[in-house]
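Colleague: below: sequence and its predicted model.
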Amino acid sequence: MNIRSPRIEHHDWHEVKAMAEASMVVLIPAATMEQHGPHLPCDVDNLIVQYLCDETAKRRPELCTVAPLIPFGFNEHNMGFPGCIGIGPHTLIELYADIAESFTRMGFRKILFLNGHGSNPTFLTIASRMVVNKTEAHVGTVNHWDLISDVIAAHRESVYPGGCAHAGELETSLYLHICPERVRMELAVKENQPRWAEQFWVDLQGGGPVAMCDDWSRINQSGVEGDPLTASAEKGKIWAEATIERLTKFLDEYRARKILPRRNFNHVPEDPKQEK
Ligand SMILES: [Zn+2]
């Protein structure tokens, strides 16, 4: 098989067929265009997942191939700031499911969304389950930060909880590692969302048990939720490399996992139309 690029769309249909025949995993980067404070461009989430997927596939070209980025996500809570594109929840679920299902129709049986936007997981989870129920494929979803919460904890300098949320230490460090020329650290400001209840906090290392997302224009001034002042390219490299390593290990295990036939343990009543 001739794998000339980590991205599936750079190949012709014969090559795509060969990738499916070789049981390669399809990695689908999913994120959003969304404001990320004054120091970062609006493509943070897209840039990070695209980079992580491309690097993973470049290093293990026989293991996985990268689908086109889904650059729009759920953003209603953030529309009070310029720079955000928001897709409605039903449209988004259908979009994710249709894309994953398209790969199943090509013959792929292992599909994984790599998500980079904190408001997408609910919809990605529903879409993934819809396609698992409807087809013979396995479809899963993972947020890149959830792969390395212990590595985030080991290297972070910002306060937990709060410093590694939106446009904070983690995302700014990753952007500094991937594309430093587009980061304007001189404009970075710290704005942590206060932990206003014992059971509620927001942080990419791990959030509190209560899920509730307020409209950000009510609670935020800068567009930052976190502490980008503690960010560095060095930490970005450590976190990116750890994510790629763990993602690759999972993809190996995912590809090896057998998909078993469905069984029906229900009582099956006799069909009255059938003659005895
Ligand atoms: Zn982000």
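Modeller: On my side now, so go ahead.
Colleague: for the rest of this, base every contact and every neighbour count on C-alpha atoms.
Modeller: OK.
Colleague: residue nearest the centroid of the chain?
Modeller: Closest residue to the average C-alpha location of the chain: residue 115 at 0.7 Å, with Cα atoms, centre = their mean.
Colleague: show me what it is bridged to.
Modeller: Counting by DSSP bridges, residue 115 is bridged to residue 30, residue 143.
Colleague: that one and residue 32 touch, don't they?
Modeller: No. Applying Cα atoms under 8 Å as the test, residue 115 and residue 32 come out as separate, 9.3 Å apart.
Colleague: shaky segments in the stretch 101-250 of the chain?
Modeller: Of all residues in the stretch 101-250 of the chain, none has pLDDT under 70.
Colleague: all helices for it, in order.
Modeller: Ranges of helices in the stretch 101-250 of the chain, per DSSP state H, counting those that start in this stretch, are 121-134, 149-155, 169-178, 216-219, 233-256.
Colleague: contact partners of stretch 64-72?
Modeller: With contact meaning Cα atoms under 8 Å, 6 or more residues apart in numbering, stretch 64-72 is reached by 6-9, 24-33, 46, 50, 53-54, 56-57, 85-87, 251.
Colleague: mind checking which of the helices of the stretch 101-250 of the chain is nearest residue 62?
Modeller: For the helices of the stretch 101-250 of the chain, the distance to residue 62 is smallest for helix 233-256, at 10.6 Å, taking Cα to Cα.
Colleague: quick one: which of the contacts of stretch 64-72 sit in helices?
Modeller: 46, 50, 53-54, 56-57, 251 (DSSP state H).
Colleague: closest to residue 111 out of those?
Modeller: Closest to residue 111 out of the ones in helices among the contacts of stretch 64-72 is residue 251 (9.5 Å), distances taken as Cα to Cα.
Colleague: what's the closest one in contact with, if anything?
Modeller: Residues in contact with residue 251 (Cα under 8 Å, 6+ apart) are 25, 63-64.
Colleague: can you list these in a markdown table and add pLDDT?
Modeller: A markdown table is the format used below for those (pLDDT from 0 to 100):
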| residue | pLDDT |
| --- | --- |
| 25 | 98 |
| 63 | 98 |
| 64 | 98 |
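Colleague: how about these in JSON lines, adding neighbour count and distance to residue 223?
Modeller: JSON lines is the format used below for those (neighbours: other Cα atoms under 10 Å; distance: Cα to Cα, whole Å):
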{"residue": "25", "neighbour count": "25", "distance to residue 223": "36"}
{"residue": "63", "neighbour count": "19", "distance to residue 223": "38"}
{"residue": "64", "neighbour count": "30", "distance to residue 223": "35"}
